[in-house]
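Peer 1: Have a look; sequence and predicted model below, questions after that.
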Amino acid sequence: MKAVELSKSYNPKDFEERIYSYWKENGEFKPRNIEKDGHFSVVMPPPNVTGVLHMGHALNNVLQDIIVRYHRMTGVPTLWVPGTDHAGIATQNVVERQLKADGLRRQDLGREKFLERTWLVKEKHHAIIKSQLEKMGCSCDWDHERFTMDEGLSKAVRECFVTLYERGLIYKGKYLVNYCPKCGTALSDDEVEYESEPGKLYHIRYPYSDGSGYIIVATTRPETMFGDSAVAVHPEDERYKSVVGKTLDLPLTDRKIKIIADSFVSREFGTGMVKITPAHDPNDFECGRRNNLEQINILNPDGTLNENVPEKYRGLSAVDARALVVKDLEDAGFVEKIEDHNHDVGHCYRCHTIIEPYLSDQWFVRMKSLAEKAMDALKKNDIVFYPKRWENTYSRWLEGIRDWCISRQLWWGHRIPVWYCKDCGAEIVMREDPTECPHCHSHSLEQDSDVLDTWFSSWLWPFSTLGWPEESEDLKKFFPTSALVSAYDIIFFWISRMIMSSEEFLDKAPFKDIVITGLVRDKLGRKMSKSLGNGVDPLLIIDSYGADSLKFTLCYMAAQGQDVLIDNDSFKMGSRFANKIWNATRFLLMNLEGRELVNFNVSDLTTMDKWIYSRFNSAAEEIKKAMEGYRFNDAASAVYSFFWNDLCDWYIEDTKQKLLSGTEDEKNLQISILMDLLEKSMRLMHPFLSFITEEIYQKLPNHNGDVIVASYPEPDKAMEFKEDAEKVEALKDIVKNIRSVRSNLQIAPEKKIKVVLRTSSSFKALDLVKSEKAFISTLIGSKDFIIDEDSSYDTSSSLPTSGPGYECFLFIRDAIDVEEEIKKLNSDIEKANKLLEGAEKKLNNEAFIKNAKAEAVEKEKKKKSEALEIIEKSKEHIKMLQSL
RNA sequence: GGAGGAUUAGCUCAGCGGGAGAGCGCCUGCCUUACAAGCAGGAUGUCACAAGUUCAAUCCUUGUAUCCUCCA
C-alpha cells in the first residue's frame, strides 16, 4: 500500500468549500431512510433579511448543525429546515433609510413601488445569509428552504388569521402606540430612541370632592391631566389605605376622578400617588385596562390638543399647553412645588421629534385561551426546556399574558386580510380575496391598510414550513419537530407563541426539546454591537481559522445556556485542535507506505490497544449522555481529551516504535488498528468538526462512503476492558513520576539514565510494564531500564521515588541535591499525613461506616493504605538519601 | 418593586454531595523520524461571606454582600 500524502499544515481553505459543494451535490442534507419509523427534525430560527449573520447566529446554527449531524448519523430520518424572516419593521427601515438618502419618503414612491424595492433588499440579504450559512457548514436541506412571505407561508398566515377570527379570538380595539406627530406614523418600540433629559417634576394638588383637603400627585407632564381617569396608590401603602375609593375634583375641569389601588405604583416615586392617564402613557394604559378606566384621548394626530380638553387649550402643542396649564394651576393655587428631574424621553429615530403615546385602532389576538393550552403543554411534559430554569420564566409570562397587538402601520409584511364595504360598512374576513360585499353586494371594497406583526408569521414557522395548512407528507413525517435551539431573548416573542399556535391549530406542541442558548458577548460581558465596535464577525473567523475552528470553539464554550464571552483569539483553541487532528492523521497516513491492512479481532489486541479502545468507548458514552442533555461543552471536551490526550499523547506515541521495529505482521496489525481507530474517531468527531473529518475520512483506506452519513459510534460494553485500562493508567503513573523527577532536577533530555523499577504484590501492571519496556524507556529517557522482580538489585546511591504499588530508583548521583530531595520527601509525607488523617477520621466514625455508600467506604480504605505506603516508603527513602 | 443568573487558578469559564478542573496566560527545559498551531515538566485557589441540613458540603437550604439580565 502507498502512503497517503497530506499537506504539511492544516489549511481549511483547501477543502471546506469543496466539501460543502460535494455534500450538497450528493444530496447528503436531504432526509434519508424516510420509510423508517421515527424522525429527527429541526426548524432553523429564521434570520432577518435585513442584515448579515453575527456571532449569535453562528452559535445558534452551529449547535443546530451539531445535533442534526449527530442524529443523522444515528440513522433516523433527519430534516433541518432553513429559512429567513421578512422582519417587517427592520427591513422597511432599511429601504426607508435608502430613500431618505435621496430625499424621498415611502409615500413618494407609493405602496407598490416601495414594495418592489423592498423585495430587492430582501433578495440581496437573503443571498448573503444563505452563503454565510453554507460557509459555516450548516447541513440544512436547502430544498426545504422557506421565507415568511413566500406563497405557502402567506397562505398559512391567512388561514391562521381567518380561523382565529372565526373562533372569536381576533378583535379590533384601542391601543397605545408610539406615535411620531411629525412623520404621522406609529413606531415600534425598537424605533424609539430614549435619552435622559433634564425636566421638571410638578407636584400638583388634587382636592377631595367633599372639601376635606387635597392630595398631591407628582407628574412630569401636567398637560396630560385632562386625560386623567384616576389617581392610583399602592395597595399596601399604609399612608393611603384609607383614602382609596374617595373622589377628587380634577383641577381646571369640571370632572371628578376616583382614587384606586394598583400594585404597579411605586411608593417611593414622588408622593406615592400617581395620576392615571390611560390614553397617554403605556403604564397607565395597562393600569386603565386592569381597572376598567375611561381612555380619554386629548391629542389630534398632529400632536395638538383636541376637543376633549377645555376650550382655551385646544389647538396648542403639548409644550405650549404645558406652560399654560402650569401657569393656570399656579394662579389657582394648585401647585405644591416644582423640582428638577431627569427622565428618559423617547424620540423618533428619523426626525428626532418627541414621540407621543397615542391611542389608536389596532387588531388584537385574545391570548388567554391560547396561553392556557401552552401552559398545559409544559405541565404534560410535552415540552422540556434545557436548562430547566427557563420553564419558570415561560410559565410566569403565560400567567400574566396580555392580548397581542398584531397590526402594524407598515407596508412591508402580510396585509391584514380584512376588507371594509364602503357602502354598508361591513367588515369582511375571508380566505379568498372578496370581490363583492356579502351583505349588500357592493363592489366598493377597501382592504385594511395595515400589515401584520412579523411574529404573526413566524409563530407558525414549525408547521407552516412543513406545508400547513395542507396535510403534506412532510407534515405527517416530520411534525412535531424534535428540538428548537434559540437564545433566551425571544422566549416570549417567539417560542411561547409557537407553542400556542401549534396547540391551537394542530393540538400538539411544535417541538419536544427547547434548547436555550446564552447570548454571545465580548470579553467584558457586553453585548456585541456596531456602535461599540466590539463585534466578532463569524466570517472573518472562518477566514482566518476555518469553519471547524469556529464551530468547535463555540461548542466547547456553550455551557448550559450560559452567555458565551469571546474575542478573536478565542478561536485559536479550535484551530489548534483541528491542526492536531490534521497532523496526527498525516503521520498515520505516512506510515501506510509498504503496509497491508489486515483483519483483526479482540484476541489480537494488546493491553495498550485495549486501553485506547476503552478510552474511545468512554468518550462515545460521554458524548451520548451529553448530547441527550444538550450539554454541548461536555461533548466537546470528551472529543478533545480523547483525541489529544489519549490517542495522540499516549497511544500513537506508543505505536511509533512498534511501527519502526516490529515484524512485518506486527506492523501490519498495528497500522490496521490505527486506521480503525482513526476511522472511528472521524465518525465520533464529525458532528463537532465537520469539514476536516470529511476531508480526512475520504482519504482513509478503510473508509466507507461519506462520514456525514456514516453510522455514529455507539458505546459498547464489550469494549470497556476495565482491567487493561487500569494497567495502562499505572504505567502512565510511573512514566509521569520519573519525568517529573527528571524535570525538577533539570536533567537534560539527551542524558540517558539508569532506572530500576521494583513493584509490590499489589501492583497489577507488571506484565504490561514488561511488555512495554522499550516504550517506557523512551518516555523516561533511560538507556538501562531494569525491572527488579526479586528485589535483588543494589539500589544504593540512587535517587528513590515511589507511587502506588511501586518504587523507582534513578541512578543520577551527580544531579542529586540531597537536602532538596529530603525536603520534597518530607512534604510528600506531610501531604500523605493529611490524607491519612482525613481517611481515618471518616473510617473511625461509626456513622460514616453505617450511612455512607459502600464505594465511599472502600475508597477511604484505599486512600488510607495508599497514604500509609507513601509515608513508609518516603521515610525509607529519606534514610537512603542520608546514607549517600 | 418582582424574578432569574453570577461569585471556583492572573483571565474566560466547566464541575455541583465523598481526595479542587479545562482553555488561555505565566515559569523551566526541549525543533524527540505528525504537529513550535508542538512536546515534557511546573507554580498559583480561605471554591464570595455566615448559619443550617448531612456520617460527609465548592456542590443542598436559608440569610448577607457585590455584579449582571429580564419584567414592571
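Peer 2: Good, I have the coordinates.

Peer 1: Can you tell me how far whichever residue of the stretch 301-450 of chain A sits closest to RNA strand B is from A:I491?
Peer 2: Closest to RNA strand B within the stretch 301-450 of chain A is A:R389: 4.6 Å, counting by Cβ to the nearest atom of the strand. (Each C-beta comes from the backbone N, C-alpha and C, glycine too.) Distance of A:R389 to A:I491, computed by Cβ to Cβ, to the nearest Å: 12 Å.

Peer 1: For the two, indicate the residue with more neighbours.
Peer 2: More crowded of A:R389 and A:I491, by other Cβ atoms under 10 Å: A:I491, with 18 against 12.

Peer 1: any idea how far the more buried one is from A:L169?
Peer 2: Distance, A:I491 to A:L169, using Cβ to Cβ: 22 Å.

Peer 1: now A:W119
Peer 2: For A:W119, the distance to A:L169 equals 31 Å [Cβ to Cβ].

Peer 1: Whatever helix or strand A:K861 lives in: which residues count as buried?
Peer 2: Taking DSSP states H and E as the definition, A:K861 sits inside helix A:854-882. By neighbour count on 16 or more other Cβ atoms under 10 Å, the buried set for helix A:854-882 is A:857, A:860, A:863-864, A:866-867, A:869-871, A:873-874, A:877-878, A:880-881.

Peer 1: Among the residues you listed, which ones lie close to RNA strand B?
Peer 2: The subset of the buried residues of helix A:854-882 within reach of RNA strand B, by Cβ under 7 Å from any atom of the strand, is A:860, A:863, A:866-867.

Peer 1: what does stretch A:426-435 rub up against?
Peer 2: Contact with stretch A:426-435 is made by A:158-159, A:161-162, A:165-166, A:417-421, A:437-440, A:443, A:445, as judged by Cβ atoms under 8 Å, 6 or more residues apart in numbering.

Peer 1: Might you report the residue contacts of A:H203?
Peer 2: Neighbouring residues of A:H203 by Cβ under 8 Å, 6+ apart: A:216-218, A:270-271, A:335-339.

Peer 1: Any idea what the residue nearest to A:T759 when sequence neighbours are not counted is bridged to?
Peer 2: Setting aside the residues directly before and after it, A:T759 is nearest to A:Y806 in space (Cβ to Cβ, 6 or more residues apart in numbering), at 4.6 Å. When bridges are called by DSSP bridges, A:Y806 pairs up with A:T759, A:G803.

Peer 1: Could you save the ones next to RNA strand B among the buried residues of helix A:854-882 as a markdown table and add columns showing pLDDT?
Peer 2: Below are these laid out as a markdown table (pLDDT from 0 to 100):
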| residue | pLDDT |
| --- | --- |
| A:E860 | 86 |
| A:K863 | 84 |
| A:E866 | 85 |
| A:A867 | 86 |
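
Peer 1: these two touch, right, A:E436 and A:D423?
Peer 2: No - the criterion here is Cβ atoms under 8 Å, and A:E436 misses it with A:D423 at 10.3 Å.

Peer 1: I'd like the distance between A:Q132 and A:A101.
Peer 2: 26 Å.

Peer 1: which of the two has more neighbours?
Peer 2: Neighbours around A:Q132 and A:A101, counted as other Cβ under 10 Å, are more numerous at A:Q132. The numbers are 21 against 8.

Peer 1: Same question for the helix or strand that one falls within: list its buried residues.
Peer 2: In this structure, A:Q132 sits in helix A:111-136 according to DSSP H and E. Residues of helix A:111-136 classed as buried: A:114-115, A:117-119, A:121-122, A:125-126, A:129-130, A:132-136 (neighbour count, 16+ other Cβ under 10 Å).

Peer 1: does the longest strand seen in chain A come close to RNA strand B?
Peer 2: Longest strand of chain A, by residue count under DSSP state E: strand A:192-207. No - against RNA strand B, strand A:192-207 shows no contacts by Cβ under 7 Å from any atom of the strand, the least distance being 12.3 Å.

Peer 1: where does chain A dip in pLDDT?
Peer 2: Counting by pLDDT under 70, the ranges of chain A that qualify are A:183, A:188-191, A:195-196, A:267-269, A:342, A:349-351, A:523-525, A:529-534.

Peer 1: And it, what are its domain boundaries?
Peer 2: Here the domain parsing of chain A from automatic domain parsing is A:31-161+A:458-517, A:179-358, A:569-724, A:745-882.

Peer 1: Including distance to A:A371, could these go into JSON lines?
Peer 2: Listed next are those as JSON lines, based on distance: least, Cβ to Cβ, whole Å:
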{"stretch": "domain A:31-161+A:458-517", "distance to A:A371": "7"}
{"stretch": "domain A:179-358", "distance to A:A371": "16"}
{"stretch": "domain A:569-724", "distance to A:A371": "26"}
{"stretch": "domain A:745-882", "distance to A:A371": "45"}
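
Peer 1: Help me confirm that A:D784 is found in a helix?
Peer 2: No - according to DSSP: H, G, I helix; E, B strand; the rest coil, A:D784 belongs to no helix; its state is strand.
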